[in-house]
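Visitor: attaching a predicted model along with its sequence, questions to come.
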Amino acid sequence: MKQLILATFFSIGLISAQAQTGLYADKSIAEILELKWEFPYEQNDHSHYFIKRVLVKNDLLIHHFNMDFVVDLKTSKQLFFSNPADLQVIKSRLPDSLLVFDLMDKIVIKNMYTGKISLTKRKYKKFGFISDGDFPYFLNDSVLYYVEDKNKLFAFDPFSRKQIWQREFPETVYTFQEYKENLINMTTRTTFYQLDKRTGKTLWSLPIITEGESSLNGELNRQDNKLYIWAESFGLNVVNLDTRQIESTWLKEGGNAGFTMQMIFEGDSIFARTPMNVYCISKISGEVYWMSEDVDIVSEITLSDEYIFFEQDGKESFADVMSAISRTTHKVEYAEFASEKYPPEDPENDVIQSRLDLTRFRFLERSYQGKYLLGDNGRSVYCFEIIEPDQEE
């Protein structure tokens with residue numbers, strides 16, 4: 001992920017990519033996004049160095065590491081931990097006290113009510129850089145499951161600070177998730193495993209990649225009793241968890257080596273993102289219903305009823321360009337915020353882009369209540385309402 005680009009970097013002589021060349025779309029994204037509210041983070045919030053996806057539970061948007069407030073999404077109001085009345089409301093809707101905070105260089109488990117830190121784990125570095133995938137984890141039943149030294153999976157009780165179990169695998173552990181009450185689904189570079197969550201014992205395993213240098217570099221995308229696992233050059237593998245077999249393999253042909261594939265399920269369709277396209281694929285047969293035009297996608301996608309939102313590489317200004325693909329035309333129809341609705345903040349001093357054009361957002365996978373985008377740019381949390389062009393005032 002690119003670092004957040006500061007507005008001061010663009011204060012001289014830059015025009016938005018849309019206004020300058022028309023490469024990205026003919027319409028401003030401001031035509032379909034209305035900013036409803038923005039709440040800035042505190043300056044001592046260490047997570048501002050790295051953009052993270054917003055965390056929503058029970059219609060409360062939870063603030064970052066310093067935990068000074070949450071946002072009640074039903075009313076768009078801030079609730080403060082320091083206010084006794086607000087705190088009671090927060091506790092009634094967030095009974096679990098422990099949260100995992102995914103910061104730039106470490107994972108922190110913290111009691112959101114007392115502020116006590118139960119565990120801090122440093123992330124790994126690759127070639128001097130830290131990536132999101134370097135510290136897979138999940139917190140369940142007051143137990144943290146995490147990876148160390150690439151191939152060791154741990155179960156840790158943050159209350160007693162005791163290790164429950166440890167497993168070592170012959171390859172790097174890529175990702176894992178809870179399955180049903182007492183199971184963990186997990187992949188290494190080549191193989192799928194199912195573990196007993198209580199003991200870490202392997203219940204069964206299934207090789208997906210049997211030759212070459214490919215890897216299982218995607219998430220564990222599950223629908224019902226099936227996993228949809230992407231493998232470089234080995235296609236999209238459908239693993240039936242009941243029969244413990246690969247049921248189907250799709251999209252194996254065509255230069256698809258070397259990239260990951262994000263998947264979002266909707267009805268009988270899978271919306272899948274690659275670095276250059278968005279696909280709509282049948283969940284039943286693997287048929288490609290449609291594929292978007294080529295676009296340099298640099299973020300995960302977010303679905304709404306009419307649009308697929310994402311950020312693409314902004315070549316002229318170096319800032320990523322927030323864009324929307326129409327689910328009807330499968331083309332990029334809206335891009336950037338620059339318009340009369342979101343004018344530049346200081347044109348007299350040559351700040352000639354909208355502030356929103358100069359930020360990078362992380363949104364939830366789906367629009368909230370079908371009509372709101374909830375996002376984070378590392379300095380503030382935002383809520384945009386998705387509107388139809390003919391509703392614009």
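Guide: Structure received. The structure displayed is predicted, hence computed values, not measured ones.
Visitor: could you pull up phi and psi at residue 91?
Guide: With angles defined as degrees, to the nearest 10, residue 91 sits at phi -60, psi -30.
Visitor: got a list of what it touches?
Guide: Taking C-beta atoms under 8 Å, 6 or more residues apart in numbering, we find residue 91 in contact with residue 113. Bear in mind the C-beta positions are built from the backbone N, C-alpha and C, glycine included.
Visitor: residue 85 versus that one, what's the distance?
Guide: Applying C-beta to C-beta, to the nearest Å, the value for residue 91 to residue 85 is 11 Å.
Visitor: okay, now the closest residue to residue 151 other than its chain neighbours: neighbour count?
Guide: In space, and not counting its chain neighbours, residue 151 is closest to residue 169: 4.9 Å by C-beta to C-beta, 6 or more residues apart in numbering. Neighbour count for residue 169, taken as other C-beta atoms under 10 Å: 18.
Visitor: do residue 244 as well
Guide: 13.
Visitor: thought it was touching residue 204?
Guide: Yes - with contacts counted by C-beta atoms under 8 Å, residue 244 reaches residue 204, the gap being 5.6 Å.
Visitor: number of residues surrounding residue 377?
Guide: As a burial measure, residue 377 scores 19 neighbours (other C-beta under 10 Å).
Visitor: ok, it touching residue 363?
Guide: No - using C-beta under 8 Å as the test, residue 377 is too far from residue 363 to be in contact (10.3 Å).
Visitor: just the pLDDT at residue 253, thanks.
Guide: As predicted, residue 253 sits at a pLDDT of 67.
Visitor: elements contacting whichever strand or helix holds residue 78?
Guide: Assigned by DSSP states H and E, residue 78 belongs to strand 77-80. In terms of contacts (3 or more C-beta pairs under 8 Å, 6 or more residues apart in numbering; DSSP states H and E), strand 77-80 is packed against strand 69-72, helix 84-93.
Visitor: next one: that strand to chain centre, how far?
Guide: For strand 77-80, the separation from the chain centroid amounts to 24 Å (computed by C-alpha atoms, centre = their mean, to the nearest Å).
Visitor: list the buried residues of stretch 69-86.
Guide: By neighbour count on 16 or more other C-beta atoms under 10 Å, the buried set for stretch 69-86 is 69-73, 78-79, 81, 86.
Visitor: er, stretch 333-341 I mean
Guide: For stretch 333-341, burial by neighbour count (16+ other C-beta under 10 Å) applies to 333-339, 341.
Visitor: what distance separates the start and the end of that stretch?
Guide: Terminal residues of stretch 333-341 are spaced 18 Å apart (C-alpha to C-alpha, to the nearest Å).
Visitor: one more: stretch 91-100?
Guide: End-to-end distance for stretch 91-100, by C-alpha to C-alpha: 17 Å.
Visitor: now do the buried residues in that stretch.
Guide: For stretch 91-100, by 16+ other C-beta under 10 Å, it's 94, 98-100.
Visitor: now, those residues that are in strands?
Guide: Using DSSP state E, the subset of the buried residues of stretch 91-100 located in strands is 98-100.
Visitor: what's the closest of the residues you listed to residue 41?
Guide: Distances from residue 41 to those, taken as C-beta to C-beta, are shortest for residue 99 (15.8 Å).
Visitor: so that closest one is in contact with residue 112, correct?
Guide: Yes - the pair residue 99 / residue 112 is scored as a contact, 5.3 Å apart, by C-beta under 8 Å.
Visitor: mind listing the shared neighbours of the two?
Guide: Common contact partners of residue 99 and residue 112 (C-beta under 8 Å, 6+ apart): residue 62.
Visitor: contacts for stretch 164-177?
Guide: Here stretch 164-177 makes contact (C-beta under 8 Å, 6+ apart) with 133, 136, 138, 143, 145, 147, 150-157, 184-191, 193, 195, 199-200, 202, 215-220, 222.
Visitor: buried subset of those residues, written for PyMOL?
Guide: Of the contacts of stretch 164-177, the buried ones go into a single PyMOL selection, burial set by 16+ other C-beta under 10 Å:
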select buried, resi 136+143+145+147+153+154+155+156+184+185+186+187+188+189+190+191+193+195+200+215+216+217+218+219+220+222
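Visitor: alright, calling it a day.
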